[in-house]
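Enquirer: below: sequence and its predicted model.
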Amino acid sequence: MSTREYAASVVLLALSSSAVFGAGPNLGKPVSPAEIAAWDISILPDGTGLPPGGGTPVQGERIYAQKCASCHGENAKGGTNAALIGGRPLTDGIDTPKTIANFWPYATTVFDYVRRAMPWQQPRTLSDNEVYALTAYILSINKLIGENDSMNAESLPKVKMPNRDGFIIRFPDKI
Amino acid sequence: MEKTLDHQTWEDLEAVAGNGLLDRRAFLRGGAAVAAAVTGYALAGPAKAEPLIDEPSSLVPGVTVRSYEQRSRFEEKVARTLSNPKGEPRTQHGRTPHHLLSGTFTPNGLHFVISHAGNPDIDPDRHRLAIHGLVKQPLVFTLDALARYPLVSRMAFIECGGNSAPMFSKEPIQASAQALHGLVSCAEWTGVRLSTLLEETGIDPKAKWLIAEGADAPALSRSVPIGKALDDAMIALYQNGERLMPGNGYPMRLLLPGWEGNMNVKYLRRIKLVEAPAMSYYEARTYAPILPGGKAYQFYFLQEVKSFITHPSPGLALKGPGFYEVSGVAYSGTGRISKVMVSADGGKSWAEAALQEPVLSKAFTRFRAPWRWDGGPAVLQSRAWDEAGNVQPTRAQIVAQRGETKTVPRVTGFPSQHYNGPTSWSIDAKGEVKHVYA
């Protein structure tokens, strides 16, 4: 498509959308899913949005030692930031520290948070394979998966987290 | 002191509740003398005034006008308190000094901030907002484009879901209103209604939620029900008339009036419409308070009706018996404040406070109650109602439902969230103000 043809199609699109939705300013520029892919890191608990690739606990252990242990401690036992292993039952109410094992309802959240926010000093520098491997390592040391289980787009959403059904929706009428 | 036209001063007024709380209409009824008596925070009796002289500052030309005004050097103590002033690799909090402010909106330099990895230094010309997912036409907007849309302005408080967390301590922590309640502020926000933009992208009927994401280092992300997005959500571009402060989301943030602060995603760069919530770190883990027995609340979202007294409060000692104005802020994520009651005897008796107009939905309402302190022990407390009939629960009710800590936590800790019960300030014979449970 030439630039002129593209511009014409944009105008047509703008016209058609204003015809459908009312005469708004229409100052947004159309963007294709391919163009937004680099930003689109959202994933859902059912696995929607998980990228290709995978990783194992053993691979994750090596990456953890290099990139995570300085804050989260050796073997994920905690350092200047939270421990990523263990956790006691929640029966102590608000005195119970929340951990991945005792609290997090979905394993996909581990992948999502590591990929978007970690390491704290260099977020979004890990490859998807590295994120899968770190996720596998963390789940494995918490005995939530086997020590040889690979995590990927298919296996990760199937991990059953212990506190999956531990929640009460506070205001059901708001959602 | 000279009597007013109707020959009445505050000293003549009948108390309407225990320990000297006066009728909220005392200002109107009492006339000029009462008004004069109440303007100072701690006026003593009619002692003879000192001679009036010209101060040196009035005898020389003053400082040259600056291009951006700075406050008086005498006000520098009015500042946020910082939980992590060196920016170590963890969350930073800056708390609003409520006890040193009045009125209903928070100056931009004092609005509370929570930053999970510092404030990003965003070039507004490079920033983009993408709306995609379950829409008919994904669109990308520049800041300039958004600023050309029909803009709306509204007052709205923003409150961290963890504000007032020290109130879950088994014993009252001795701390100021700033330390206890400094993670709520109120501003006028101006921007584009999110519904206006979603009209242009179109919405696939399958979309039930949106995921909002920031351009900060952790790409902070929260899921928001589509109903809220179409109700009163805004892409805020201005804060109290100027562009957003960096700590508050420059150059644009999601504003969800009355909902958990963390959901009002700062540095907003992406909105994706989806069928189900993402269960991001902050919704799956952080803002899910554990209950006694081990279950936890999920999707709390709403900041419920609440109030606290800012004047007097710890750090603002009373300077002798006499007239004082008890004042504070009340707000509700559900709508307007309809009533605030104030007690000076720890909740045994109550007087209705005056509400400063205009009383706006999901915004701070300043309440005021005239009070004649007789110099004896007193316990001040406020309780607010909103227009939907919701009332602040007592602390005992909250503790019964959600628990309290077994030991006293750090005042900067977050043992739980969404405390909206009352706060009690005790006054001793010296006029010192302490935090108590009553």
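Expert: Ah, there it is.

Enquirer: doesn't residue A:136 lie inside a strand?
Expert: No: if the criterion is DSSP: H, G, I helix; E, B strand; the rest coil, then residue A:136 is helix and not within a strand.

Enquirer: tell me the phi and psi of the closest residue in space to it that isn't next to it in sequence?
Expert: Among residues not flanking residue A:136 along the chain, residue A:151 sits closest, at 4.0 Å (C-beta to C-beta, 6 or more residues apart in numbering or on different chains). Yep, even glycine has a C-beta here, placed from its N, CA and C like the rest. For residue A:151, the backbone dihedrals (degrees, to the nearest 10) come out as phi -100, psi 130.

Enquirer: what bridges to residue A:151?
Expert: Beta-bridge partners for residue A:151, by DSSP bridges, are residue A:55.

Enquirer: hang on, it packs against residue A:134?
Expert: No: Residue A:151 is not in contact with residue A:134 according to C-beta atoms under 8 Å; the separation is 9.1 Å.

Enquirer: quick one: common contacting residues for those two?
Expert: Counting by C-beta atoms under 8 Å, 6 or more residues apart in numbering or on different chains, the shared contacts of residue A:151 and residue A:134 are residue A:55.

Enquirer: so, low pLDDT: which residues of the chain?
Expert: The chain I'm using is chain A. The model of chain A has pLDDT under 70 over residues A:1-23.

Enquirer: that's the other chain; I wanted chain B
Expert: B:1-10, B:27-46.

Enquirer: let's see 80
Expert: B:1-13, B:26-47 (pLDDT under 80).

Enquirer: now the helices: where do they sit in it?
Expert: In chain B, the helices defined using DSSP state H lie at B:26-30, B:32-39, B:143-147, B:177-181, B:194-201, B:226-231, B:281, B:395-402.

Enquirer: just name the most buried of those.
Expert: helix B:177-181 (a mean of 25; mean count of other C-beta atoms under 10 Å in any protein chain shown).

Enquirer: so how far is that helix off the chain centroid?
Expert: A distance of 10 Å separates the centroid of the chain from that of helix B:177-181, by C-alpha atoms, centre = their mean, to the nearest Å.

Enquirer: show me where chain A has helices.
Expert: A:3-21, A:33-36, A:57-67, A:69-72, A:108-117, A:128-141.

Enquirer: in chain A, which residue sits nearest chain B?
Expert: residue A:28 (3.1 Å; C-beta to the nearest C-beta).

Enquirer: need the contact list for that residue.
Expert: Counting by C-beta under 8 Å, 6+ apart, residue A:28 touches B:131, B:139, B:140, B:141, B:145, B:197, B:200, B:201.

Enquirer: count of neighbours near residue B:82?
Expert: Burial of residue B:82 is recorded as 13 neighbouring residues (other C-beta atoms under 10 Å in any protein chain shown).

Enquirer: make sure residue B:225 is actually in contact with residue A:175.
Expert: Yes: using C-beta under 8 Å, residue B:225 is in contact with residue A:175, at 4.6 Å.

Enquirer: okay, and the common contacts of these two?
Expert: Contacts common to residue B:225 and residue A:175, judged by C-beta under 8 Å, 6+ apart, are residue B:209.

Enquirer: next, give phi and psi for residue B:205.
Expert: Torsion angles at residue B:205 (phi, psi; degrees, to the nearest 10) stand at phi -60, psi -20.

Enquirer: distance-wise, check it relative to residue B:134.
Expert: For residue B:205, the distance to residue B:134 (C-beta to C-beta, to the nearest Å) stands at 8 Å.

Enquirer: which one's more surrounded, those two?
Expert: Shown here are residue B:205 and residue B:134; by other C-beta under 10 Å, residue B:134 has more neighbours (19 against 6).

Enquirer: next, the contact list for residue B:361, please.
Expert: Contacts of residue B:361 (C-beta under 8 Å, 6+ apart): B:257, B:335, B:336.

Enquirer: tabulate the residues you listed (a markdown table), appending distance to residue B:75 and neighbour count.
Expert: As requested, those are arranged in a markdown table below (distance: C-beta to C-beta, whole Å; neighbours: other C-beta atoms under 10 Å in any protein chain shown):
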| residue | distance to residue B:75 | neighbour count |
| --- | --- | --- |
| B:257 | 30 | 22 |
| B:335 | 34 | 17 |
| B:336 | 31 | 18 |
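
Enquirer: circling back: export the helices of chain B to CSV and tack on distance to chain A?
Expert: Shown next, in CSV, are those (distance: least, C-beta to the nearest C-beta, whole Å):
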stretch, distance to chain A
helix B:26-30, 39
helix B:32-39, 41
helix B:143-147, 4
helix B:177-181, 17
helix B:194-201, 5
helix B:226-231, 7
helix B:281, 4
helix B:395-402, 7
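
Enquirer: now render the ones you listed as JSON lines, adding distance to residue A:144.
Expert: Output for the helices of chain B, formatted as JSON lines (distance: least, C-beta to C-beta, whole Å):
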{"stretch": "helix B:26-30", "distance to residue A:144": "64"}
{"stretch": "helix B:32-39", "distance to residue A:144": "63"}
{"stretch": "helix B:143-147", "distance to residue A:144": "43"}
{"stretch": "helix B:177-181", "distance to residue A:144": "38"}
{"stretch": "helix B:194-201", "distance to residue A:144": "37"}
{"stretch": "helix B:226-231", "distance to residue A:144": "32"}
{"stretch": "helix B:281", "distance to residue A:144": "17"}
{"stretch": "helix B:395-402", "distance to residue A:144": "28"}
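
Enquirer: correct me if wrong: residue B:377 contacts residue B:429.
Expert: Yes: using C-beta under 8 Å, residue B:377 is in contact with residue B:429, at 6.8 Å.

Enquirer: the strands in the stretch 151-300 of chain B, which residues?
Expert: Under the criterion DSSP state E, counting those that start in this stretch, strands of the stretch 151-300 of chain B are mapped to B:152-159, B:184-193, B:209-214, B:221-225, B:234-239, B:242-243, B:253-255, B:268-274, B:296-298.

Enquirer: next, format those as a markdown table and append mean neighbour count and distance to residue B:390.
Expert: A markdown table is the format used below for those (neighbours: other C-beta atoms under 10 Å in any protein chain shown; distance: least, C-beta to C-beta, whole Å):
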| stretch | mean neighbour count | distance to residue B:390 |
| --- | --- | --- |
| strand B:152-159 | 21 | 15 |
| strand B:184-193 | 24 | 17 |
| strand B:209-214 | 26 | 25 |
| strand B:221-225 | 23 | 20 |
| strand B:234-239 | 24 | 24 |
| strand B:242-243 | 14 | 34 |
| strand B:253-255 | 26 | 22 |
| strand B:268-274 | 23 | 29 |
| strand B:296-298 | 21 | 17 |
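
Enquirer: now render those as TSV, adding distance to residue A:113.
Expert: Output for those, formatted as TSV (distance: least, C-beta to C-beta, whole Å):
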stretch	distance to residue A:113
strand B:152-159	23
strand B:184-193	26
strand B:209-214	13
strand B:221-225	9
strand B:234-239	25
strand B:242-243	30
strand B:253-255	19
strand B:268-274	16
strand B:296-298	17
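
Enquirer: for residue A:56, which of those is the nearest?
Expert: Minimum separation from residue A:56 across the strands of the stretch 151-300 of chain B (C-beta to C-beta) falls at strand B:221-225, 26.8 Å.

Enquirer: quick check: angle from that closest one to strand B:209-214?
Expert: Angle, strand B:221-225 to strand B:209-214, by axes from the mean of the first three to the mean of the last three C-alpha atoms, to 10 degrees: 150 degrees.

Enquirer: enumerate the residues of the stretch 251-400 of chain B near chain A.
Expert: For the stretch 251-400 of chain B, the residues in contact with chain A (C-beta under 8 Å from any C-beta of the partner chain) are B:269-270, B:272, B:274-281, B:284-285, B:288-302.

Enquirer: again, only using 7 Å
Expert: Neighbours of chain A within the stretch 251-400 of chain B, by C-beta under 7 Å from any C-beta of the partner chain: B:270, B:272, B:274, B:276, B:278-281, B:284-285, B:288, B:290-302.
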